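Visitor: I would like to see how this sequence folds:
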Amino acid sequence: MTTDLDGIVAHYHSLLDEALARDTFAVLDAGLRERGMLVGPQRDQPICPVVRPRFITRARYDTLLHAAALVGRAIRAVSAAALSEPALLAPYRLTPVERELLAIDPGYPGAMAFGRLDGLLAPDGAWCWFTEARCESPTGIGYDEALADLFEQTDVMMAFRQTFHTTALPVRQGLQQTLLDTYRAWGGRGTPTVAIVDFPDVATWSEIEYLQQRFEADGLPTVVCTPDDLQYQGGRLYVETRLADGGASWRPVDLVYRRLLQHEFLAMYDLHHPLIRAYADRVVCVVNPFRTRPAHTSLVMWLLSDDEGPAGGILDAGSAMAVARHVPWTRLVRRGTTRYQGERVDLLDFARRHRERLALKPNDAYGGAEVIFGWETTPLDWEGALERALEEPSLLQERIPAPEERYPIWSDNEGLSFDLYYVNSSPCLYGDRALGCLTRIVTATPDSSTGSSPVLPTFLVEPGQKQESLDANP
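Guide: Prediction:
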């Protein structure tokens, strides 16, 4: 019995037959529907369509976290510098309101407290590239833990654990601790009352409710609310909660876990909103702060990648080396020259000639929306896209081959089958460290029918006692 990743996956697959695959799907489907963790146009499809979690070995996990911690440090350095450097902020083309919001001191340092890197990890762990930084309000943390809990209830995982030791990665615990650490750095004392704030129609509301339940179970008072539920009175921020008799009560809030996105908030409210007033007066700790834009949008990957750009010279030698190893070649679309692999090239001419190796990303694209893949685009359409990209901040990024894995799926019509998926690896950044690996899988490019990619939990897999015995006595 081998302990390499292929052997681990093969062993899990060998345990599945038609009946066990059907039963595993039933456990997952029932659990996800009970929790409301559904996607699709009608929000009726479980977020995880496969009947195997993702497995990662210790060596691959260490590679991922080491790379993520180094790139995360570089992002923190550049985004923090952008808060006071006009040359770094200029490419973002911030509105006056965005600049005013960015200037508010949240009560703790930096542009972000936590985030997520979206990346690609080689099947053998030989390389790791991060293509995006999601450092405003990353989703998926609650989904990961909920799915891990459901998989651990299945018979196939119980059988698998007779041979291998599995550990669910503590991503949610890392988030919770970061919220508390930031609250204390802000000056808070004792146990805060937390408000998780987002708009009521978001697709991830079920994940928010799950996080509330887990925070509460750990002794952290938590309420879920919308921006309209907040009031600022007498030097305190309050959230309105509905009572069973139809009345309402007002609960004071100490810590806001901000799930809503800044641009969506500003599209509906101004800076006189109770949340912003309380935030500016430093009577409530807001995490992440309303100054994540330099760390969150795609432009930060260009600032890291282009040593001739406005961020050149900010990174120390170690961070610069990490960026070269783990951030793909990324450039802001503009007229002029740049360097590619040491050669001076005209950027637009290079983009036209090498369309098949480039992706074109609007700076504010979220979740893969509006990204144009050159290898899937005609020359005429690519030319038009490049011209439009000159008008709004957009990025060219070199293509990284997506790792592939086969996953078992079950359907009543076709039974058990194995489909090939591309695998995305997304470690979380919590302060100075990286933790966990949120996993999304796609059949090709992100699923346009659901607006999101399937999610599955990641387990660290190591030899168990039975495996160690087999290795010792071949």
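
Visitor: what about the longest helix in this protein?
Guide: Determined from DSSP state H, the single longest helix within the chain is helix 58-82.

Visitor: what does the helix or strand following it rub up against?
Guide: Beyond helix 58-82 in the direction of the C-terminus, DSSP states H and E gives the next helix or strand as helix 86-89. Helix 86-89 is contacted from outside by Val78, Ala81, Ala82, Arg99, Leu102, Pro294, Leu303, Pro310, Ala311, using C-beta atoms under 8 Å, 6 or more residues apart in numbering. Just so you know, the C-beta spots here come from the backbone N, C-alpha and C atoms, and that holds for glycine as well.

Visitor: Could you give me the PyMOL selection string for whichever of the residues you listed are buried?
Guide: Applying 16 or more other C-beta atoms under 10 Å to the contacts of helix 86-89, the buried members can be selected in PyMOL as follows:
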select buried, resi 78+81+82+102+294+303+310+311
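
Visitor: Mind picking the two most distant members of the contacts of helix 86-89?
Guide: Arg99 and Ala311 (19.0 Å; C-beta to C-beta).

Visitor: quick one: Arg251 and Leu237 touch, right?
Guide: No - at 9.8 Å, Arg251 does not count as touching Leu237 under the criterion of C-beta atoms under 8 Å.

Visitor: what comes up buried for stretch 347-355?
Guide: With burial defined by 16+ other C-beta under 10 Å, the residues of stretch 347-355 counted as buried are Leu347, Leu348, Phe350, Ala351, Arg355.

Visitor: Could you do stretch 259-269 as well?
Guide: Residues of stretch 259-269 classed as buried: Arg259, Leu260, Leu261, Gln262, Phe265, Leu266 (neighbour count, 16+ other C-beta under 10 Å).

Visitor: how far does that stretch sit from the chain's center?
Guide: 18 Å (C-alpha atoms, centre = their mean, to the nearest Å).

Visitor: ends of it, how far apart?
Guide: The straight-line separation of the ends of stretch 259-269 (C-alpha to C-alpha, to the nearest Å) is 16 Å.

Visitor: sorry, back to before: higher neighbour count, Arg251 and Leu237?
Guide: Leu237 (26 against 15; other C-beta atoms under 10 Å).

Visitor: right, and the helix or strand after the helix or strand harbouring that one?
Guide: Secondary structure from DSSP H and E places Leu237 in strand 236-242. Per DSSP H and E, the first helix or strand lying C-terminal to strand 236-242 is strand 248-253.

Visitor: what element comes up after the biggest strand by length in the chain heading to the C-terminus?
Guide: If you go by DSSP state E, the chain has its longest strand at strand 415-430. Beyond strand 415-430 on the C-terminal side, the first helix or strand identified by DSSP H and E is strand 433-442.

Visitor: partners of that following strand, with directions?
Guide: Using DSSP bridges, strand 433-442 pairs in its sheet with strand 415-430 (antiparallel), strand 455-456 (antiparallel).

Visitor: So which bits of that strand are buried?
Guide: Ala434, Leu435, Gly436, Cys437, Leu438, Thr439, Arg440, Ile441, Val442.

Visitor: Which positions in the longest strand of the chain come out as buried?
Guide: Leu416, Tyr421, Tyr422, Val423, Asn424, Ser425, Ser426, Pro427, Cys428, Leu429, Tyr430.

Visitor: Check Asn363 and give its pLDDT.
Guide: In this prediction, Asn363 carries a pLDDT score of 88.

Visitor: Just give the nearest non-adjacent residue to it, would you?
Guide: Pro393 (3.9 Å; C-beta to C-beta, 6 or more residues apart in numbering).

Visitor: ditto for Leu211
Guide: Leaving aside its sequence neighbours, Leu211 sits nearest to Gly142 (C-beta to C-beta, 6+ apart; 4.5 Å).

Visitor: Going C-terminal from the one helix or strand the one you found maps to, what's the next secondary structure element?
Guide: Secondary structure from DSSP H and E places Gly142 in helix 141-152. Beyond helix 141-152 in the direction of the C-terminus, DSSP H and E gives the next helix or strand as helix 155-160.

Visitor: how about that next one: buried residues?
Guide: If you call a residue buried by 16+ other C-beta under 10 Å, then helix 155-160 has these buried ones: Val156, Met157, Phe160.

Visitor: could you dump the residues you listed to TSV with pLDDT and distance to Ile276?
Guide: TSV is the format used below for these (pLDDT from 0 to 100; distance: C-beta to C-beta, whole Å):
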residue	pLDDT	distance to Ile276
Val156	98	49
Met157	98	46
Phe160	97	49
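
Visitor: Looking at the residues you listed, which is nearest Pro106?
Guide: For the buried residues of helix 155-160, the residue nearest Pro106 by C-beta to C-beta is Met157; the value is 41.6 Å.

Visitor: from what I can see the closest one touches Ala148, true?
Guide: No - using C-beta under 8 Å, Met157 is not in contact with Ala148; the gap is 9.7 Å.

Visitor: The helix holding Gly142 - contacts with which helices or strands?
Guide: Other helices and strands packing on helix 141-152, by 3 or more C-beta pairs under 8 Å, 6 or more residues apart in numbering; DSSP states H and E, are helix 18-35, strand 164-168, helix 171-186, helix 205-217, strand 433-442, strand 455-456, strand 458-463.

Visitor: So which of these is the most surrounded?
Guide: The highest mean neighbour count among the helices and strands packed on helix 141-152, using mean count of other C-beta atoms under 10 Å, belongs to strand 455-456: a mean of 24.

Visitor: Not counting its own residues, what contacts it?
Guide: By C-beta under 8 Å, 6+ apart, strand 455-456 touches 47-48, 50, 52-54, 140, 143-144, 147, 407, 438-441.
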